[in-house]
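Chemist: 3D model of this:
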Amino acid sequence: MKQGKKTWSDYLWIATALYLFLGFFNILFAWLGLLCFAIPLIIALSGNGKAYCNHYCGRGKLLEMLGSRFKLSRNRPMPSWMKSQGFRYSFLAFFLVMFTTMLFATWLVFREVRTLREVVTLLWTFRLPWHWAYHTPVTPWIAQFAFGFYSVMLTSTVLGLVTMALYKPRSWCVYCPMGTATQGICILKDKMRAGESEFEF
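Modeler: Here you go, the predicted structure:
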């Protein structure tokens, strides 16, 4: 079966791979990851739904390539509980708690209550020394945020790779916190439109 012509968005996996690579050598590149948070929300709020998740997510493209093209996925269906609304929103809540904890750690460094910790925390548990990636000294809280944010991005990538290997290539996309958040925005916008239409005459 002949595949369709590739578009520029098919190569966005390079952005994700490059991001992780650069963060390994210079932690300050971690700040670029904020684009992966801001762009999906902006697209969803502007009325374009989950266009980012469906077409422009570099991580999704990377998982698809590794799982399908390189056959690194078992290509099996996910358990029903992982696709349930309860699990997806619980994982989003957990993710937000961990993200808030990371911001609090950054604030403590900003307030000089705590010193900079040059570590990356993988899977919210394992603290990996990452001092070699901090060789361009900046204001400590800026570096602390970078270490924390890279931890978030690396952890979510590892989870994506694990679920890609066990199930279908883009299984991560089913419970991705950003995907759940943008879906929630879409649902709220649809309800608001429905409410407005009830008052139209």
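Chemist: which residues of this protein score low on pLDDT?
Modeler: 1-4, 196-201 (pLDDT under 70).
Chemist: that one: helices as residue ranges?
Modeler: For the chain, the helices defined by DSSP state H occupy 13-25, 34-43, 51, 58-64, 80-83, 85-110, 140-166, 172-175, 177-198.
Chemist: now the ones you listed in JSON lines, with mean neighbour count and distance to residue 119?
Modeler: For every residue, glycine as well, the C-beta is placed using N, CA and C. Formatted as JSON lines, these follow (neighbours: other Cβ atoms under 10 Å; distance: least, Cβ to Cβ, whole Å):
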{"stretch": "helix 13-25", "mean neighbour count": "17", "distance to residue 119": "13"}
{"stretch": "helix 34-43", "mean neighbour count": "15", "distance to residue 119": "20"}
{"stretch": "helix 51", "mean neighbour count": "16", "distance to residue 119": "36"}
{"stretch": "helix 58-64", "mean neighbour count": "23", "distance to residue 119": "23"}
{"stretch": "helix 80-83", "mean neighbour count": "11", "distance to residue 119": "30"}
{"stretch": "helix 85-110", "mean neighbour count": "15", "distance to residue 119": "11"}
{"stretch": "helix 140-166", "mean neighbour count": "20", "distance to residue 119": "6"}
{"stretch": "helix 172-175", "mean neighbour count": "21", "distance to residue 119": "24"}
{"stretch": "helix 177-198", "mean neighbour count": "14", "distance to residue 119": "22"}
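Chemist: looking at those helices, spot the one closest to residue 128.
Modeler: helix 140-166 (8.8 Å; Cβ to Cβ).
Chemist: may I have the residues that are in contact with the residue nearest to residue 166 when sequence neighbours are not counted?
Modeler: Setting aside the residues directly before and after it, residue 166 is nearest to residue 74 in space (Cβ to Cβ, 6 or more residues apart in numbering), at 6.1 Å. Residues in contact with residue 74 (Cβ atoms under 8 Å, 6 or more residues apart in numbering) are 165, 166, 167.
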